[in-house]
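Visitor: pasting the sequence and the predicted coordinates here, then a few questions.
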Amino acid sequence: MLEKNRNNVKERVQKLMAQANIGSRRACEELISQGRVQVNGVVIELGAKADPAVDTIQVDGEKLTFNTQRKIYIALNKPKDVLSTSLPHKDDPRPTVYDFVPMKEHLFTIGRLDADSDGLIVLTNDGELVEKLTHPRYRHTKTYKVVVYGLPTAETIAKWEQGVSLGEDGMTSECSVRITDGDKSFSTLQIIMTEGKKRQIRRVAAILEHPVRHLTRTHIGKLGLGTLRPGDWRELTAEDIEALKQSEPQPRAFRPTNRRPFSPRGPRRDDRRGGKFPKRRTK
């Protein structure tokens with residue numbers, strides 16, 4: 001990117017803002033729409049381009065700086081009752097994910113989780129990566145291990161996979177839902193999704209009359225929790241980052257007609273090392 005700029009190749013300002021760690025590209029687009037971004041002293045609109053080598057870009061009057069700071073990528077196993085936001089609500093005593101990671105740099109979250117849920121969250125100062133892994137158009141996958149009350153029928157699983165109306169929030173997108181263990185009391189589901197409406201899994205489960213008892217995110221893309229215990233974190237390796245960028249097979253490939261009905265047979269194998277699930281049975 002820096003080499004391109006030396007050759008006076010301009011890029012969209014929201015992309016440059018993300019590279020300067022102002023926020024995700026969507027957040028930067030919102031700042032531009034609010035009239036808070038200037039290039040060479042002139043308020044810009046969405047679609048404007050600039051070259052940071054020759055142009056002055058300002059957000060709320062402050063000039064953007066493009067440095068070569070080290071990129072940070074951290075995997076955290078968020079415990080239950082911990083907030084994903086950097087700024088908790090007033091008078092909310094609960095800790096945030098940032099209390100677990102002793103980094104001074106401003107970090108963004110990839111994959112927020114409700115306070116009631118636990119599991120994998122990635123923290124990074126790479127604004128471009130945040131955009132690519134969180135914007136709905138990229139359909140990047142996240143995988144969850146969900147314990148629900150009761151044993152969903154094949155018809156219920158089919159409804160869940162095909163999409164459920166969340167009222168004003170619209171229909172949910174297609175997803176993959178597979179029962180990995182269960183009986184009449186509780187069932188464990190593996191859910192692979194490419195979107196994340198507010199408390200989506202819990203809301204859908206309640207609508208389908210199988211409320212959530214416990215929810216853990218096991219993977220973002222193909223990056224798993226591994227051996228991280230709740231509250232533990234580690235910096236990602238280059239191999240981890242590549243796994244993070246790769247999606248699981250798209251939910252469209254998982255069709256109810258391709259499955260045999262689930263029948264409870266007691267506990268099934270679960271690879272706890274990486275939060276993986278048993279291979280899907282085929283006819």
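Guide: Here it is on my side, so go on.
Visitor: list the contacts for residue 244?
Guide: By Cβ atoms under 8 Å, 6 or more residues apart in numbering, residue 244 lies in contact with 73, 110, 122, 133, 220, 221, 222, 223, 236. To be clear about C-beta, it is placed using only N, CA and C from the backbone, and glycine gets the same treatment.
Visitor: out of the residues you listed, who's nearest residue 200?
Guide: residue 220 (15.5 Å; Cβ to Cβ).
Visitor: ok, now how distant is the closest one from residue 76?
Guide: 11 Å (Cβ to Cβ, to the nearest Å).
Visitor: one step back: save the contacts of residue 244 as CSV, and put in secondary structure and pLDDT too.
Guide: CSV is the format used below for the contacts of residue 244 (DSSP: H, G, I helix; E, B strand; the rest coil; pLDDT from 0 to 100):
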residue, secondary structure, pLDDT
73, strand, 95
110, strand, 90
122, strand, 96
133, helix, 89
220, strand, 96
221, coil, 95
222, coil, 95
223, strand, 97
236, coil, 95
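Visitor: how about those residues, which pair is most distant?
Guide: 73 and 222 (14.6 Å).
Visitor: which one's more surrounded, these two?
Guide: residue 73 (21 against 16; other Cβ atoms under 10 Å).
Visitor: thought residue 235 was touching that one, still the case?
Guide: Yes. Using Cβ atoms under 8 Å, residue 73 makes contact with residue 235 at a distance of 6.5 Å.
Visitor: what helix or strand is residue 128 located in?
Guide: helix 127-134 (DSSP states H and E).
Visitor: and the strands in the stretch 1-150 of the chain?
Guide: Secondary structure of the stretch 1-150 of the chain by DSSP state E, counting those that start in this stretch: the strands cover 11-12, 37-39, 42-43, 49-50, 57-59, 62-63, 73-78, 108-110, 118-124, 142-149.
Visitor: make a markdown table from the ones you listed and add distance to residue 160 to it.
Guide: What follows is the strands of the stretch 1-150 of the chain, written out as a markdown table (distance: least, Cβ to Cβ, whole Å):
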| stretch | distance to residue 160 |
| --- | --- |
| strand 11-12 | 38 |
| strand 37-39 | 41 |
| strand 42-43 | 46 |
| strand 49-50 | 43 |
| strand 57-59 | 42 |
| strand 62-63 | 46 |
| strand 73-78 | 24 |
| strand 108-110 | 25 |
| strand 118-124 | 19 |
| strand 142-149 | 10 |
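Visitor: where does the spatially most central residue of the chain land on pLDDT?
Guide: For the chain, the residue sitting closest to the mean C-alpha position, by Cα atoms, centre = their mean, is residue 111 at 2.5 Å. You'll see residue 111 listed with a pLDDT of 84.
Visitor: same question, the one 4 residues further on
Guide: Reading off the per-residue confidence, residue 115 sits at a pLDDT of 93.
Visitor: now it: how far from residue 188?
Guide: According to Cβ to Cβ, residue 115 and residue 188 sit 22 Å apart.
Visitor: try residue 204
Guide: In terms of Cβ to Cβ, residue 204 sits 16 Å off from residue 188.
Visitor: those two: which is more packed in?
Guide: Just comparing residue 204 and residue 188: by other Cβ under 10 Å the higher neighbour count belongs to residue 204, 22 against 19.
Visitor: quick one: residues contacting the residue nearest to that one when sequence neighbours are not counted.
Guide: Of all residues not flanking residue 204 in the chain, residue 164 sits nearest, at 4.8 Å (Cβ to Cβ, 6 or more residues apart in numbering). By Cβ under 8 Å, 6+ apart, the contact list for residue 164 reads 171, 172, 204, 207, 208.
Visitor: can you classify the closest residue to residue 144 other than its chain neighbours by secondary structure?
Guide: Distance criterion Cβ to Cβ, 6+ apart; nearest residue to residue 144, sequence neighbours excluded, is residue 191 at 4.6 Å. The three-state assignment at residue 191 reads strand, by DSSP: H, G, I helix; E, B strand; the rest coil.
Visitor: swap in residue 214?
Guide: Classification of residue 214 using three-state DSSP returns strand.
Visitor: what about the nearest residue to it once chain neighbours are set aside, neighbour count?
Guide: Among residues not flanking residue 214 along the chain, residue 147 sits closest, at 4.3 Å (Cβ to Cβ, 6+ apart). Using other Cβ under 10 Å, residue 147 is surrounded by 15 other residues.
Visitor: nice, that's everything, thank you.
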